[in-house]
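Engineer: A structural model of the following input is requested.
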Amino acid sequence: MKKTYIDLDEYLEELDEGRHQTGRKPGKTYAHPHPQKPEPEPEEEEQPVKKKHPIRNFFRLILILLLAGGILTGVEVNHLFSLTQPLKSSFEGGSASADELSVMMVGVDTRGSDYEGRSDTMLMVTISRSTKKILITSVMRDIASEIPGYGTAKLNAAYAYGGIDLLHETLENQLGLSFDRAVVVNFTTVRDAVDAIGGIDVTIDDEEMAAMNQIIWIMNQEVFAEPAYYDLLETSGEIHLNGKQALAYARDRTSARSDFDRTSRQRTMVQACMDRVRSLNPLQLQQAMEKIMPELVTDVTAADMAGLLPVLLSFSSYSVMEFSIPQDGTYTSGYIGEQQALIIDAETNRQMWEDALNQ
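Structural biologist: A predicted model of the protein is given here:
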């Protein structure tokens, strides 16, 4: 029997519109139609080319690992950062020892060794020494933006059109926001990062379990080339997730507020990652970083970590806050051609961002 491959992103959009039944009933264990393992399929049949899927996930875990790496020795840090892939950029970033430092986390809609695509996750982490704050800012991908040289498009197209430099320029022009360093990851990095720290603990309800199982069922076939039933959840409540399951948790957007509820789950996932990382001893931390560092494309260096050492030593005294652009009440829904987009009040969002960081 020939496999049918489904575009995961398109399928989730159809779920949002009620065009598929989710089977969300309390007490249900699986969200897929076949609780038994399916019969193996003939190997001789030609398989369709697997499509790439948007990552749309929070990769704050990567920054947490980078920051946590500061407790290792200088030799170990130099070794770990030698494993990363260099990021091609020409913008001038500030010093890591400055009062304020911003690192942009970019998640692209590719997998494997491909790091070129739309930046479906844009997460800026700002460290302010004077206010003792770490502000994690989610920038929504659907913001209508003027992209230099390309006209009006969704913000997530900037990275695809011109890499990190064009994203830097677009954010600065559009929102008045600037970042000093960047880390680029793709679809599979978040799975591997969560697995590297030993998984995370979260609490999910029956509806989330059903949606996650549908996502896992599709990802197994479309992305990871594994049997569809691998890693499906058997219960709701407080559970331990591996990397693939955490990725499904963060990708679930089948609820009423879609992307906004999804970002809430992503924040929950990041807090769970923080709790897990804090429980690792130095040897476990180094082993985790050695697994994930080769998958990072970044301009963060070992010297930057040295500049951040005072922050690392007093990390427990810093408050970690969340912020999202756009804020409620500062945007309307509009269109770019036939595509839906967010039309935002950039000046108000910028001022609210500054207030969140400095107050």
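Engineer: what's near enough to touch the closest residue to residue 231 other than its chain neighbours?
Structural biologist: Leaving aside its sequence neighbours, residue 231 sits nearest to residue 244 (CB to CB, 6 or more residues apart in numbering; 5.1 Å). Where C-beta positions appear, they are placed from N, C-alpha and C, glycine not excepted. Applying CB atoms under 8 Å, 6 or more residues apart in numbering to residue 244 gives the contacts 191, 216, 219-220, 224, 230-231.
Engineer: the strands in the stretch 101-250 of the chain, which residues?
Structural biologist: 119-128, 133-139, 144-147, 151-154, 181-185, 200-204, 237-241 (DSSP state E, counting those that start in this stretch).
Engineer: Give me whichever of the ones you listed is most buried.
Structural biologist: Highest mean neighbour count of the strands of the stretch 101-250 of the chain: strand 181-185, a mean of 25 (counted as mean count of other CB atoms under 10 Å).
Engineer: What helices and strands are in contact with that strand?
Structural biologist: Judged by 3 or more CB pairs under 8 Å, 6 or more residues apart in numbering; DSSP states H and E, strand 181-185 is in contact with helix 60-68, strand 100-108, helix 157-175, strand 297-298.
Engineer: Measure how buried the residue nearest to residue 131 when sequence neighbours are not counted is and give me the count.
Structural biologist: Distances taken as CB to CB, 6+ apart place residue 358 nearest to residue 131, at 5.9 Å, with adjacent residues excluded. By the criterion of other CB atoms under 10 Å, residue 358 has 12 neighbours.
Engineer: got a pLDDT number for residue 358?
Structural biologist: Note on residue 358: pLDDT of 91.
Engineer: Also residue 64?
Structural biologist: With respect to pLDDT, residue 64 scores 55.
Engineer: Could you pull up the residues touching residue 130?
Structural biologist: 99-100.
Engineer: And it, how close does it get to residue 300?
Structural biologist: Applying CB to CB, to the nearest Å, the value for residue 130 to residue 300 is 22 Å.
Engineer: sorry, back to before: quick one: which of the contacts of residue 244 has the lowest pLDDT value?
Structural biologist: The member of these with the lowest pLDDT is residue 224, at 83.
Engineer: Looks like residue 322 contacts residue 126 (just checking).
Structural biologist: No: applying CB atoms under 8 Å as the test, residue 322 and residue 126 come out as separate, 11.7 Å apart.
Engineer: What is the three-state secondary structure of the spatially closest residue to residue 293 that is not a sequence neighbour?
Structural biologist: The shortest distance from residue 293 to any non-neighbouring residue, by CB to CB, 6+ apart, is to residue 83 (4.1 Å). Assigned by DSSP: H, G, I helix; E, B strand; the rest coil, the conformation of residue 83 is coil.
Engineer: angle of the strand or helix carrying residue 349 against helix 157-175?
Structural biologist: Assigned by DSSP states H and E, residue 349 belongs to helix 346-358. Between helix 346-358 and helix 157-175, the angle comes out at 80 degrees (axes from the mean of the first three to the mean of the last three CA atoms, to 10 degrees).
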